[in-house]
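1. quick one: sequence plus predicted model below, questions after.
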Amino acid sequence: MPSILIQLDEPLLKALNKVAPAAKRQRTDFIHQAVNEAIRRREYEAMREAYLRQPDSGAEPDDWSNAEEWKA
């Protein structure tokens, strides 16, 4: 897995150490989760913006109740 180096100022490092101490990879796991959450939020925001630009049709959805079963 690739590594990255980040620099934190002292107040941010102290705050990070309060919620995720360096021992037992807690900081690494915390940062992984934070990055994943930030990416997920941005993806959801992009999806929301796309739906606002082009909302779903107001028409009724297709009726698939009598569709044949698809067999692979």
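-> Cool, the structure landed.

2. flag the shaky bits of this structure, pLDDT-wise.
-> In the predicted model of the chain, no residue satisfies pLDDT under 70.

3. any idea which element the most centrally placed residue in the chain lies in?
-> Centroid-nearest residue in the chain, with CA atoms, centre = their mean: Arg40, separated by 1.4 Å. Secondary structure from DSSP states H and E places Arg40 in helix 26-53.

4. buried stuff in that helix?
-> For helix 26-53, burial by neighbour count (16 or more other CB atoms under 10 Å) applies to Arg27. C-beta coordinates here come from the backbone N, C-alpha and C atoms, glycine included.

5. how far off centre is it?
-> Taking CA atoms, centre = their mean, to the nearest Å, one finds helix 26-53 lying 3 Å from the centre of the chain it belongs to.

6. in contact with the nearest residue to Leu16 once chain neighbours are set aside, which residues?
-> If the residues on either side of it in the chain are set aside, Leu16 comes closest to Arg27, at 6.3 Å by CB to CB, 6 or more residues apart in numbering. Contact analysis of Arg27 by CB atoms under 8 Å, 6 or more residues apart in numbering lists Leu16, Asn17, Ala20, Pro21.

7. can you tell me how far the second one is from Leu5?
-> This points to Asn17. Going from Asn17 to Leu5 by CB to CB, to the nearest Å gives 18 Å.
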